[in-house]
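Asks: sequence first, then the predicted structure:
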Amino acid sequence: MHKYPARREIDLSKFTGSEGPFETRYGLPETVSYCNKCVVSNQRPVGAVEFKHTKQSIKKTVQFDGENVCNACRYAEKKWSTFDWDAKEEELKDICARHRRTDGAFDCIVSGSGGKDSFFAAHILKYKYGMHPLTVTWAPHIYTDWGWKNFQRWIHAGFENILVHPNGLTHRLLTRLALENLLHPFQPFILGQKGISPKIAHKYKIPLIFYGEYEVDLSKKTHSKIQDASFYTNKNADDIVLAGLSIGELKENFGLTNNDVRPYLPIMEDEKNDFQCEVHYLGYYLRWHPQHNYYYAVEHGNFEAAPERTPGTYTKYNSIDDKLDDLHYYTTFMKFGIGRATYEAFAEIRCGDLTREEGVALVKKYDGEFPERFIDELFAYLSVPASQYPEAHARFEQPVMDRAYFDNLCDSFRSPHLWKWTGTGWELRHPIWKEGTGESVHAEGWRGNQYASYRKDVP
Ligand SMILES: [Zn+2]
């Protein structure tokens, strides 16, 4: 019987020395480079359909143009200068007019957690554009206190909500397996979250879904304003993988049932009937600005930032409702050299909230910080005791997660072209602060998020 080992052997010789070429993993580009305008590297994977994601998947990564500028920065330049936002808003009004109902039925779904972005989306659709949204939430793994309070504030700002909690035992096991197989503990959450709104739309025949931020397809030059149905539908369950395993393996080796896996599956061809729904991004029609959304949610719903800085980054208002989020970005740092500060800084640079130099300094200071604050609770969440998992438990040499096990697992996912073993620890071979401007950057000059800039473009 195959068991996940208590410890994985790591060939450190692949990680020593400075002379390449080094082995690359996940199909990542061999040479690391950074966008000239933001802080994203060409190692960032984009556009995966999660239910096809296996250990062997080759990642598509961010594309840079001839001037070494990423697609998202090029899009952002137009977003803040040449786009005709009045015309885009008219398009939004047309969509709303086409779907608006006054007979007591919902006319759209707003998908979200009740964080600042979904607060803004639902609120503006209802109170400015006269829509009747049903808000739909896929629950976090473990709510933070402040995340739960903000979720309540959202509902009490005038919204009906369907909150879907998956079976807690199944969700924990899938999260552990996604960590073991893909070092991607957030994958089961993402599968549930991406699928839930289209499923509710089908069930209640609500033909319009709004997501918030517009996801520029970073691997392509052209962009579609409607989400492709391949993200939430599939022909049948034969080629579906969850947490890196086929449905058959999950049932046979880990004791899961059809009921257990159902919430994670996309809509199958034979369940679709004739019902069609459109999935739009509000950020395509309105000039999306996350920091602005934060102040909007404060003003209209008493939204509260976390009382503490999020580990691995410099913010405390962004994606703060799930304790497991701390581990998600830690694992992206291990696999791609891209941690949470990088993700947040590149988004804020593109909105003009940070300069690139400030972003580099913040990345240097915070990226890859180990998330200590909830770690005991998270390791308990990721453990698979025999009393709760009589079958799955036997598949692990060490069912209990602890720091040594977690660190070793992370190390086994490092790519030699990104990481160097110094003899005493790990360091990135090509961190952004060693590129171009030298190592002199610092974060002291950064003044934090500026309320004043929000007041200028409040709708
Ligand atoms: Zn960029």
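Replies: Alright, I've got the coordinates.
Asks: what does the stretch 1-150 of the chain have sitting close to the ion?
Replies: Counting by C-beta under 5 Å from the ion, the residues of the stretch 1-150 of the chain close to the ion are Cys35, Lys37, Cys38, Cys70, Cys73. Where you see a C-beta, it was placed from the backbone N, CA and C, and this is true even at glycine.
Asks: farthest pair in these?
Replies: The span of those, defined through C-beta to C-beta, is set by Lys37 and Cys70 at 7.3 Å.
Asks: what about the two, which has more around it?
Replies: Cys70 (26 against 20; other C-beta atoms under 10 Å).
Asks: so what's that one up against?
Replies: Cys35, Lys37, Cys38, Val40, Val62, Gln63, Phe64, Leu218 (C-beta atoms under 8 Å, 6 or more residues apart in numbering).
Asks: once you drop chain neighbours, what's closest to it?
Replies: Distance criterion C-beta to C-beta, 6 or more residues apart in numbering; nearest residue to Cys70, sequence neighbours excluded, is Cys35 at 4.1 Å.
Asks: contacting residues around that neighbour?
Replies: Ser41, Val62, Phe64, Asn68, Val69, Cys70, Cys73, Phe346.
Asks: what are the phi and psi angles of it?
Replies: phi -60, psi 140 (degrees, to the nearest 10).
Asks: with the one 10 residues further on instead?
Replies: Backbone dihedrals for Pro45, given as degrees, to the nearest 10, come out at phi -70, psi 150.
Asks: and the residue nearest to it when sequence neighbours are not counted, what pLDDT?
Replies: Closest residue in space to Pro45, ignoring its immediate chain neighbours: Lys59 at 3.8 Å, by C-beta to C-beta, 6+ apart. Model confidence at Lys59, expressed as pLDDT, equals 83.
Asks: just confirm Lys59 contacts Tyr26, I think it does.
Replies: Yes - checked against C-beta atoms under 8 Å, the pair Lys59 and Tyr26 is within contact range at 4.9 Å.
Asks: secondary structure, distance to Leu191 and pLDDT for the contacts of Cys70 - can I get that in CSV?
Replies: Output for the contacts of Cys70, formatted as CSV (DSSP: H, G, I helix; E, B strand; the rest coil; distance: C-beta to C-beta, whole Å; pLDDT from 0 to 100):
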residue, secondary structure, distance to Leu191, pLDDT
Cys35, coil, 29, 95
Lys37, coil, 33, 96
Cys38, coil, 28, 96
Val40, coil, 25, 96
Val62, coil, 23, 90
Gln63, coil, 26, 87
Phe64, strand, 30, 91
Leu218, coil, 21, 56
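Asks: just the buried members of those?
Replies: Buried residues within the contacts of Cys70, defined by neighbour count using 16 or more other C-beta atoms under 10 Å: Cys35, Lys37, Cys38, Val40, Val62, Gln63, Phe64, Leu218.
Asks: and the strands in the stretch 101-250 of the chain, which stretches?
Replies: Secondary structure of the stretch 101-250 of the chain (DSSP state E, counting those that start in this stretch): strands at 108-111, 133-138, 160-164, 208-211, 233-234, 241-242, 245-246.
Asks: to clarify, my last question referred to the stretch 251-400 of the chain.
Replies: 267-268, 278-281.
Asks: can you count the residues close to the one residue in the stretch 251-400 of the chain that gets nearest to the ion?
Replies: Using C-beta to the ion, the closest approach of the stretch 251-400 of the chain to the ion is made by Phe346 at 6.1 Å. Counted with other C-beta under 10 Å, the neighbours of Phe346 add up to 27.
Asks: for it, what are its contacts?
Replies: Applying C-beta under 8 Å, 6+ apart, the residues near Phe346 are Cys35, Cys38, Val39, Val40, Ala72, Gly359.
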